[in-house]
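1. Sequence first, then the predicted structure:
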Amino acid sequence: MQALYAQLLVGLINGSFYALLSLGLAVIFGMLNIINFAHGALYMMGAFCAYFLLNLGGLGYWWALLLAPIIVGIFGMILERTLLQWLTGLDHLYGLLLTFGIALIVQGVFQNYFGSSGLPYAIPDYPQIGGFRGLQGGMNLGFMFLPVYRGWVVIFSLVVCLATWFLIERTRLGAYLRAATENPTLVRAFGINVPRMITLTYGLGVGLAALAGVLSAPINQVRPLMGADLIIVVFAVVVIGGMGSIMGSIITGFALGVIEGLTKYFYPEASNTVVFVLMVLVLLVKPTGLTGRAA
């Protein structure tokens with residue numbers, strides 16, 4: 001049974017990354033109507049940003065959680081203003097090809113300088129509370145041993161996902177964002193700077209990818225191709241949940257992570273394909289995804 005619980009934990013951790021990354025994709029597609037294939041490369045940039053902050057600036061994990069999403073988010077906003085804004089009104093294929101090209105360039109640059117091997121990033125040993133040494137070590141729950149850092153990743157990811165959903169679906173700012181994408185002419189009539197809101201939205205989606213990269217660094221190490229290994233699965237998660245659906249991406253991300261973990265325990269040979277099999281089945285029944293709506 002301990003092996004089953006261990007796989008469930010691995011599934012939850014993977015689900016955390018799926019949820020954060022697919023949430024960023026859903027925000028960008030839902031608000032900007034862009035299929036952002038550069039998302040995996042920006043996730044990788046978040047991990048490298050944490051690595052640089054630690055080794056060049058002496059700023060540890062907690063600072064990286066704050067600064068890396070901001071730095072990569074600013075980079076994303078520059079991309080949106082210089083390249084992606086010209087895709088407005090064009091077919092989705094143009095956005096996919098452009099962002100795919102950006103991903104290849106970013107990954108190529110990092111791979112040229114750092115190779116393909118992983119760079120270590122230590123789990124922080126602070127703050128020290130009670131008997132815990134920061135996020136290092138673990139807890140014996142009786143039925144399994146829970147590494148503290150992995151538990152932190154699951155909880156923190158869930159909090160960030162729900163906070164993002166609340167921001168977009170339940171606040172006035174979120175209402176402005178949705179209105180700016182559905183009827184920009186009307187929103188401009190109220191004196192709201194629509195291009196600026198679109199740029200900030202893209203920065204938010206990119207920042208979520210960078211945040212996932214920082215969370216991933218101590219677990220998966222920092223590698224130039226870490227995003228390329230993940231992005232196809234994340235796109236499958238978004239399709240299953242419903243393109244542009246915020247809550248659908250969150251629920252589907254965590255659920256598919258758990259399903260993947262269970263598959264590794266009961267039938268390991270199918271663990272790499274179960275997500276895509278589920279995607280096909282869902283699309284056969286409901287082409288718009290589980291929570292998507294027809295255009």
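-> Nice, I can see it. Numbers count the residues shown, from 1 in each chain.

2. buried ones in stretch 145-159?
-> 146-154, 157-158 (16 or more other Cβ atoms under 10 Å). C-beta here means a position set from N, CA and C on the backbone, and glycine is covered the same way.

3. and if you look at stretch 183-199?
-> 184, 187, 194, 197-199.

4. Which of those residues sits closest to residue 51?
-> Distances from residue 51 to these, taken as Cβ to Cβ, are shortest for residue 199 (26.8 Å).

5. Using TSV, lay out the buried residues of stretch 183-199 together with distance to residue 137 and secondary structure.
-> Shown next, in TSV, are those (distance: Cβ to Cβ, whole Å; DSSP: H, G, I helix; E, B strand; the rest coil):
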residue	distance to residue 137	secondary structure
184	51	helix
187	50	helix
194	49	helix
197	44	helix
198	44	helix
199	42	helix
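
6. which secondary structure elements does the helix or strand encompassing residue 25 contact?
-> Using DSSP states H and E, residue 25 maps to helix 2-32. Under the contact definition 3 or more Cβ pairs under 8 Å, 6 or more residues apart in numbering; DSSP states H and E, helix 2-32 sits against helix 39-55, helix 148-170, helix 172-182, helix 194-220, helix 231-241, helix 246-266.

7. Can you name the secondary structure element that comes next after the first one?
-> Beyond helix 39-55 in the direction of the C-terminus, DSSP H and E gives the next helix or strand as helix 61-82.

8. Let me know the average pLDDT across that following helix.
-> For helix 61-82, the mean per-residue pLDDT is 95.

9. so what secondary structure elements neighbour that helix?
-> Using 3+ Cβ pairs under 8 Å, 6+ apart, helix 61-82 sits against helix 39-55, helix 194-220.

10. which of the residues in whichever helix or strand comes after it are buried?
-> Toward the C-terminus, helix 61-82 is succeeded by helix 92-114 as the next helix or strand (DSSP H and E). Of the residues in helix 92-114, 95, 98-100, 102-103, 106-107, 110 count as buried by neighbour count, 16+ other Cβ under 10 Å.

11. from those residues, which is closest to residue 258?
-> After measuring the buried residues of helix 92-114 against residue 258 - Cβ to Cβ - the closest member comes out as residue 103, at 28.0 Å.

12. From residue 225, how far out is that closest one?
-> Relative to residue 225, residue 103 is positioned 11 Å away (Cβ to Cβ, to the nearest Å).

13. next one: residue 195
-> Noted for residue 195: a distance of 33 Å to residue 225, by Cβ to Cβ.

14. next one: residue 177
-> Counting by Cβ to Cβ - residue 177 and residue 225 are separated by 32 Å.

15. Tell me where the model's unsure across the stretch 151-295 of the chain.
-> 292-295 (pLDDT under 70).

16. again, but for the stretch 1-150 of the chain
-> 127-133, 143.

17. please redo it, this time with the cut-off set to 80
-> Scanning the stretch 1-150 of the chain for pLDDT under 80 picks out 1-2, 30-31, 88-89, 125-134, 140-145.

18. and of the buried residues of stretch 183-199, the nearest to residue 73?
-> residue 199 (10.2 Å).

19. Now render the buried residues of stretch 183-199 as TSV, adding distance to residue 63.
-> Converted to TSV, the buried residues of stretch 183-199 look like this (distance: Cβ to Cβ, whole Å):
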residue	distance to residue 63
184	37
187	36
194	33
197	28
198	29
199	25
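
20. Grab the two from the residues you listed that are most spread out in space.
-> It's 187 and 199 that sit farthest apart of the buried residues of stretch 183-199, by Cβ to Cβ, at 14.5 Å.

21. neighbours of residue 16, just the number please.
-> 26 (other Cβ atoms under 10 Å).

22. I'd say residue 137 and residue 146 touch.
-> No: the pair residue 137 and residue 146 does not pass the contact test of Cβ atoms under 8 Å, sitting 10.0 Å apart.

23. re earlier: from the buried residues of stretch 183-199, which is closest to residue 252?
-> residue 198 (25.3 Å).

24. Just give the closest residue to that closest one, not the sequence neighbours.
-> The shortest distance from residue 198 to any non-neighbouring residue, by Cβ to Cβ, 6 or more residues apart in numbering, is to residue 32 (5.9 Å).

25. Then residue 156?
-> Per Cβ to Cβ, 6+ apart, closest to residue 156 is residue 215, 7.0 Å.

26. ok, how many other residues are close to that neighbour?
-> So residue 215, with other Cβ under 10 Å, has 27 neighbours.

27. do the one 5 residues further on as well
-> Number of residues near residue 220 (other Cβ under 10 Å) recorded here: 17.

28. roughly how far apart are the closest residue to it other than its chain neighbours and residue 122?
-> Closest residue in space to residue 220, ignoring its immediate chain neighbours: residue 226 at 6.0 Å, by Cβ to Cβ, 6+ apart. According to Cβ to Cβ, residue 226 stands 17 Å off from residue 122.

29. Thank you kindly, that will do.
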